[in-house]
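*Asks:* Just need the structure, nothing else, for what follows:
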Amino acid sequence: MTYTVYITRQNGVITLSEWKAVVQAARDLRMASTSMEATNPETGEMIDMGRSGGDAELHDPVSGEWRRVFFWNGSGRISFSADDTFENRQSQIRKTAHSLANSLKAIIEDEYGAVYD
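*Replies:* Down below sits the predicted model:
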């Protein structure tokens with residue numbers, strides 16, 4: 001099962017410029033340079049979902065691929081999808097999210113209000 005998790009500040013927003021600076025300083029992250037595409041499951045048509053300018057890709061050391069994982073939005077928070085592996089403090093996405101939150105003086109909170117340290 002997947003759920004949405006946020007990197008957010010309790011009293012304030014994360015600006016796009018702050019987000020980009022933190023991503024650029026991280027070793028296994030980069031800003032996405034292309035628009036996001038999805039496939040319509042009914043028609044097979046590729047849909048261009050555009051680019052917010054704040055999407056970040058995480059390097060997967062196993063496959064060597066870059067995966068679009070983190071999404072900054074205009075409300076000043078970063079969202080990402082988590083699955084059961086997120087519960088493991090040693091998972092790549094959990095460690096990366098924790099590092100990003102620390103750099104941004106923010107917290108990690110899921111869609112149900114649970115806070116992760």
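*Asks:* Okay, now the unreliable bits of this protein?
*Replies:* For the chain, the stretches with pLDDT under 70 are 34-41, 45-52.
*Asks:* could you point out the longest helix in it?
*Replies:* helix 92-103 (DSSP state H).
*Asks:* Next, please give the residue ranges for the strands of the chain.
*Replies:* 3-8, 29-31, 37-39, 46-48, 55-59, 66-73, 77-82, 107-110, 115-116 (DSSP state E).
*Asks:* what comes into contact with the first one?
*Replies:* Right, the one you point to is strand 3-8. Strand 3-8 is contacted from outside by 14, 70, 76-82, 86, 97, 100-101, 104, 106-112, 116, using Cβ atoms under 8 Å, 6 or more residues apart in numbering. In short, each C-beta sits where N, CA and C put it, glycine included.
*Asks:* From the residues you listed, list just the buried residues.
*Replies:* 14, 70, 76-80, 82, 86, 97, 100-101, 104, 106, 108-109, 116 (16 or more other Cβ atoms under 10 Å).
*Asks:* For beta bridges, what are the partners of Ile7?
*Replies:* Ile7 forms beta bridges with Ile78, Ile108, as assigned by DSSP bridges.
*Asks:* So for Glu18, what's the nearest residue that isn't a sequence neighbour?
*Replies:* Nearest residue to Glu18 in three dimensions, chain neighbours excluded: Leu104, at 6.4 Å (Cβ to Cβ, 6 or more residues apart in numbering).
*Asks:* Next, work out how far apart that neighbour and Pro61 are.
*Replies:* According to Cβ to Cβ, to the nearest Å, Leu104 and Pro61 sit 23 Å apart.
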